[in-house]
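Student: Below: sequence and its predicted model.
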Amino acid sequence: VKFNNCAGNKGVRYETNSLDFKVRADGTVYAAHQLQMPSKPLVLRVTAWDPQSLGRREAVVRFLVAEKSQHGGHKPKGRRVVPGELAQQQSDTLLPWRQHQSANGLRRQKRDWVIPPINVPENSRGPFPQQLVRIRSDKDKEIHIRYSITGVGADQPPMEVFSIDPVSGRMYVTRPMDREERASYHLRAHAVDMNGNKVENPIDLYIYVIDMNDNRPEFINQVYNGSVDEGSKPGTYVMTVTANDADDSTTANGMVRYRIVTQTPQSPSQNMFTINSETGDIVTVAAGLDREKVQQYIVIVQATDMEGNLNYGLSNTATAIITVTDVNDNPPEFTTSTVTEGRCAELPGCTTPGTPRLLRDGVAWQQKAVGAGTPHATRTRVLTRSRLGFSRPRGPREKTQHFAVAVDYEMNRAFMLTVMVSNQAPLASGIQMSFQSTAGVTISVTDVNEAPYFPTNHKLIRLEEGVPTGTVLTTFSAVDPDRFMQQAVRYSKLSDPANWLNINATNGQITTAAVLDRESDYIKNNVYEATFLAADNGIPPASGTGTLQIYLIDINDNAPELLPKEAQICEKPNLNVINITAADADIDPNVGPFVFELPSVPSAVRKNWTITRLNGDYAQLSLRIMYLEAGVYDVPIIVTDSGNPPLYNTSVIKVKVCPCDENGDCTTIGAVAAAGLGTGAIIAILICIIILLTMVLLFVVWMKRREKERHTKQLLIDPEDDVRDNILKYDEEGGGEEDQDYDLSQLQQPETMDHVLNKTPGVRRVDERPIGAEPQYPIRPVIPHPGDIGDFINEGLRAADNDPTAPPYDSLLVFDYEGSGSTAGSVSSLNSSSSGDQDYDYLNDWGPRFKKLADMYGGGEED
């Protein structure tokens, strides 16, 4: 096996996927030990490791097993070209399988032939299907054989590009081929009998698509941009254009050549550039590139395949835009060397005829200098003893001359200048010209209203804090630079954060409006800062600002304080102490060292407590006695600073005294006791809590028992049949029918209908059908219109409302009178009796509410 890399196979290492074979450094494959080769072909995968690219490549090696000849030698069974007898067959017929005659008689041996590749031109016009080759086995004389092909293009996508006649073995291509879509196909031909049994081993068929020149070269970009310096020598590289051809690059169809078609403009020569026909590199071919004459060239480049043959090849074009870049090959030059007058105003601007110009660092006057180069190519210098200096670029051919310092009308009213202009960068080699030019300039300065300014800015003064209100601190005055203008300056506050200061509007005298406190939040690093404004009355008015800084010297005006304000200690001494710290808002020397002491009144303080000073700022408070009852104690401590005169303060620390465990921590009960409750109070609280819980428990038990009793007293009837809540009480109706003097004749049932017909209008029974003419109801049409349905319903409703014979006649029904007495006796004469045949056992099924009735009536004879 061979592997070729860019380094000439140096360091290539081979490996195989089998332990039976190895590969030497020269690519020789050998058997690692004695082995029995199988009868079928052996496939081996060889891997080549490239040390240069750290990549790996693989190849497949197939071994065919050779058979021993009769003479004991080995005849290699390898692949070979189709033998000469194949030429005796038809030119389109392949016999990949044949019989072999041996000394022992006729026996069949399978021999794999190398079938020559089949070449098919792309873009064929047909007709299709077009026969490519015929495959035949010599056993088709003995049995019927069926042929088939498999692989990409047959039974794999793209499907059915190739087909084969199963009987004759003729293979066809079914449509035009495109080499750019797929350049080759690998198929396998199969021969089986009528039962599908394999007759011959499959053979490989390789089909190659022959390339045709059917693709134009395509440029990567339609427009290419490049640049070249002016004055470049012939042969200077400019740019590279690239075109790709999809055809086979190994043939003339894909070999692209370049040429320049046109050049615009054709100055100073029509062939300023040339192109490498194979690489596409564009270089200069003639001298004379001058940016000041031609700044850009447009070159049309043509790419043609067929090695540039314009008669047979296909072409395409692209545009190359070449920009000529500037080099410093032209010195600057003033348009005039005569003296030019200019006028500029003192701060903040300069004025030239018709062109005012504001500058950052002074006034300026504009002077034009002619230069053919780019704006950065010139430098202007002033040859004079004035304070004028350097220049600034304004445009391709202009420079602005400005003052290095601010001019002052009160000091100089005019300037005489000699201006020289030269290249900032050196001229290109070979330029034989003067590199500088000069001109004379006269500049007149005009007076403008300038803002007042504070000579001392920032002004710092020092004084002690606490000065009384109205104290004069200083005079913060400004100066008006306009000496030739009679103007007045007035002062005002611009920034006074604490509103501590006042300023006199006329003379700028500063006085205090409040007491200055160094410990205020407005003080930063002992300095208070305020800003004032000075404005003149010129036209237009101008103003300036000044900052006054007051450094406040500390005085001892703050008494010290103790921290912490609350603490906790054990009721027995020597277990823990309280560390206290003194803090003072003042600064040194009005702070520590501090003096700590306990007051003599009340006497219990010094009796129970003692204080020990640790250093100038810290002390310790502890118990003096052996035991102190738990509780909260206010311990006053007097602390005195070291100021002159010293200040003292009595700070009260709330100390919680509590019982502690062995670690010196307060216990839970001790913490409660320390809150101010004695043992008796704690016991009383606990007893109250127990009594309250007992009462709650008894109430819950009572509620449970009541609920249980309520459930045991069930009704004798089902809740659905309980009508106690449904009994309605009406008004008293009197003593009975005999006590009422009513005319009840109207309620008696008539014997005939005469009295009904003859009764006066308005007197009739309301529970009988009235006698009279019935109204006529509307007749519904056979095919009603949707719009008539509503009218029909309304007419029927109106007729029913006016019909006295339509039921119901009335919602109130009056029953007939039963007579002046009752034939029945009093219901009180009815007695209950358990005798009879009535069976009341069903009452047992009606639930617990009918249990009593079931016991009374449904018990049987024994009840």
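Tutor: Structure's in. What do you need?

Student: I'd say Ser184 and Leu205 touch.
Tutor: No. Under the criterion of CB atoms under 8 Å, Ser184 makes no contact with Leu205, lying 10.9 Å away. (Glycine included, C-beta is placed from N, CA and C.)

Student: Compare the two (neighbour count), which wins?
Tutor: Applying other CB atoms under 10 Å to Ser184 and Leu205 shows that Leu205 carries more neighbours, namely 25 against 13.

Student: in which helix or strand would I find that one?
Tutor: With secondary structure defined by DSSP states H and E, Leu205 is part of strand 198-210.

Student: Which elements pack onto that strand?
Tutor: Taking 3 or more CB pairs under 8 Å, 6 or more residues apart in numbering; DSSP states H and E as contact, the helices and strands that strand 198-210 lies on are strand 93-97, strand 118-121, strand 130-137, strand 145-151, strand 184-193.

Student: Which residues outside the helix or strand following it are in contact with it?
Tutor: Heading C-terminal from strand 198-210, the first helix or strand you meet, by DSSP H and E, is strand 218-219. The contact list for strand 218-219 (CB atoms under 8 Å, 6 or more residues apart in numbering) reads 241-246, 303, 316-318.

Student: cool, stretch 30-44 as well?
Tutor: So stretch 30-44 is contacted by 16-24, 29, 60-65 (CB under 8 Å, 6+ apart).

Student: helix or strand for the nearest residue to Ala287 once chain neighbours are set aside, which one?
Tutor: With sequence-adjacent residues excluded and distances taken as CB to CB, 6 or more residues apart in numbering, Ala287 is closest to Pro234, at 6.0 Å. In this structure, Pro234 is located outside every helix and strand according to DSSP H and E.

Student: from the contacts of strand 218-219, which single one is nearest Asp634?
Tutor: Closest approach between those and Asp634, by CB to CB: Thr242, at 96.6 Å.

Student: shouldn't the closest one be in contact with Gly280?
Tutor: Yes. Taking CB under 8 Å as the definition, Thr242 is a contact partner of Gly280 at 5.5 Å.

Student: Compare these two (neighbour count), which wins?
Tutor: Neighbours around Thr242 and Gly280, counted as other CB under 10 Å, are more numerous at Gly280. The numbers are 21 against 16.

Student: Next, the distance between the ends of stretch 181-197.
Tutor: Stretch 181-197 has an end-to-end distance of 36 Å (CA to CA, to the nearest Å).

Student: any idea of the mean pLDDT in that stretch?
Tutor: With pLDDT averaged residue by residue, stretch 181-197 scores 92.

Student: Please parse the protein into its domains.
Tutor: In terms of domains, the chain is parsed into 13-63, 118-210, 218-325, 334-368+377-386+408-426+433-445, 459-553, 561-658 (source: the TED database).

Student: For those, which has the smallest mean pLDDT value?
Tutor: Taking each of the domains of the chain in turn, the lowest mean pLDDT turns up on domain 334-368+377-386+408-426+433-445, with a mean of 62.

Student: Can you check which helix is longest in the protein?
Tutor: Once the chain is assigned using DSSP state H, the helix that runs over the most residues is helix 679-712.

Student: That helix packs against which elements?
Tutor: Here helix 679-712 touches helix 668-674, going by 3+ CB pairs under 8 Å, 6+ apart.

Student: can you tell me how far the residue nearest to Asp155 when sequence neighbours are not counted sits from Asn525?
Tutor: The shortest distance from Asp155 to any residue that is not its chain neighbour, by CB to CB, 6+ apart, is 7.9 Å, and that residue is Ile149. Taking CB to CB, to the nearest Å as the measure, Ile149 falls 98 Å from Asn525.

Student: The two: which is more packed in?
Tutor: Looking at Ile149 and Asn525 with other CB under 10 Å, you find the greater number of neighbours at Ile149, namely 21 against 5.

Student: Kindly state the beta-bridge partners for that one.
Tutor: On DSSP bridges, the residues paired with Ile149 through beta bridges are Ala189.

Student: Kindly provide the distance from it to Ile164.
Tutor: Noted for Ile149: a distance of 5 Å to Ile164, by CB to CB.

Student: list residues touching both of those two?
Tutor: With CB under 8 Å, 6+ apart as the test, Ile149 and Ile164 both reach 171, 189.

Student: need the helices for the chain, in chain order.
Tutor: If DSSP H is used as the criterion, the helices of the chain fall at 603-608, 668-674, 679-712, 754-758, 786-801, 851-857.

Student: how about the ones you listed in TSV, adding distance to Arg257 and mean neighbour count?
Tutor: TSV is the format used below for the helices of the chain (distance: least, CB to CB, whole Å; neighbours: other CB atoms under 10 Å):
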stretch	distance to Arg257	mean neighbour count
helix 603-608	114	13
helix 668-674	102	17
helix 679-712	110	10
helix 754-758	132	10
helix 786-801	88	11
helix 851-857	122	15
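
Student: Excluding chain neighbours, give the residue nearest to Ser163 in space.
Tutor: The shortest distance from Ser163 to any residue that is not its chain neighbour, by CB to CB, 6+ apart, is 5.1 Å, and that residue is Tyr172.

Student: Any idea which of the helices of the chain gets closest to Gly11?
Tutor: Closest to Gly11 of those, according to CB to CB: helix 668-674, at 82.5 Å.

Student: re earlier: ramachandran angles for the residue nearest to Ala287?
Tutor: Recorded main-chain torsions at Pro234 are phi -60, psi 140, according to degrees, to the nearest 10.

Student: Could you measure from it over to Gly288?
Tutor: As it turns out, when the distance is counted by CB to CB, Pro234 lies 10 Å from Gly288.

Student: got it, and Thr418?
Tutor: On the measure of CB to CB, Thr418 and Gly288 end up 38 Å apart.

Student: Could you do Pro541 as well?
Tutor: Using CB to CB, Pro541 is found at 64 Å from Gly288.

Student: Same drill for those two, tell me which one is more crowded.
Tutor: Shown here are Pro541 and Gly288; by other CB under 10 Å, Gly288 has more neighbours (15 against 12).

Student: Output the strand holding Leu205 as PDB - backbone C-alpha positions only.
Tutor: Once non-C-alpha atoms are left out, strand 198-210 reads as follows in PDB (Å, rounded to 0.1, in the frame of the first residue of the first chain):
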ATOM      1  CA  LYS A 198     -27.100 -17.700  -7.200                       C
ATOM      2  CA  VAL A 199     -25.500 -19.000 -10.300                       C
ATOM      3  CA  GLU A 200     -22.500 -16.700 -10.500                       C
ATOM      4  CA  ASN A 201     -20.700 -14.500  -8.000                       C
ATOM      5  CA  PRO A 202     -21.700 -10.800  -8.300                       C
ATOM      6  CA  ILE A 203     -19.300  -8.700 -10.500                       C
ATOM      7  CA  ASP A 204     -18.500  -5.000 -10.100                       C
ATOM      8  CA  LEU A 205     -19.400  -2.500 -12.900                       C
ATOM      9  CA  TYR A 206     -17.800   1.000 -12.900                       C
ATOM     10  CA  ILE A 207     -19.500   3.600 -15.100                       C
ATOM     11  CA  TYR A 208     -17.800   6.900 -15.600                       C
ATOM     12  CA  VAL A 209     -19.600  10.000 -17.000                       C
ATOM     13  CA  ILE A 210     -17.500  11.700 -19.700                       C
END
